[in-house]
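S.K.: I'll drop the sequence and a predicted model, then ask my questions.
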Amino acid sequence: MFRLNAYSYDKLIFNKAVDRTMTTAGAGSTDISNGVVTIKIDAAVNSTAQEDIKNAVTTKLNAVFGVPPNQLADHVMYCLPPGTSGNWIAYAWINNHLSVYNNQWCNSLSGQMRKCESMLLLYMDVF
């Protein structure tokens, strides 16, 4: 976070999402606790396009919490399980709330920082 702190003169602070209970029970899904939620979707992941899995997660989040992900938190990180089709690592959109990571890349601090920079319009050509 040191780069983001430097860019904001220590004014940018990330806080975890507020604990929240599901409004509709979702089998295998959890309430938001300590900024984290587990979402179980009704789709096979193996060889399925990551975009389809991302959309299924978004739909399920909306269904179990009654609001879209960007109303649950300012910055949302999807950690998709292994097996989606294609050879991808992670992606995010500039000036958007969402970043998506493939399997173990959820644990990559440098990957998370890179995507946060994109989401916050701090994209730099240093990587």
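M.R.: Thanks, I have the structure now.
S.K.: next, the most centrally placed residue in the chain: secondary structure please.
M.R.: Nearest residue to the geometric centre of the chain (C-alpha atoms, centre = their mean): residue 77, 1.3 Å. Classification of residue 77 using DSSP: H, G, I helix; E, B strand; the rest coil returns strand.
S.K.: surely it is in contact with residue 112?
M.R.: Yes. The pair residue 77 and residue 112 passes the contact test of C-beta atoms under 8 Å, sitting 7.2 Å apart. Glycine gets a C-beta too; all of them are placed from N, C-alpha and C.
S.K.: anything in contact with each of these two?
M.R.: Shared contacts of residue 77 and residue 112 (C-beta atoms under 8 Å, 6 or more residues apart in numbering): 99, 101, 106.
S.K.: so the second one sits in a strand?
M.R.: Yes. Inclusion of residue 101 in a strand is indicated when three-state DSSP is applied.
S.K.: re the thing from before, of the shared contacts of residue 77 and residue 112, keep whichever come out buried.
M.R.: Buried by 16 or more other C-beta atoms under 10 Å: 99, 101, 106, out of these.
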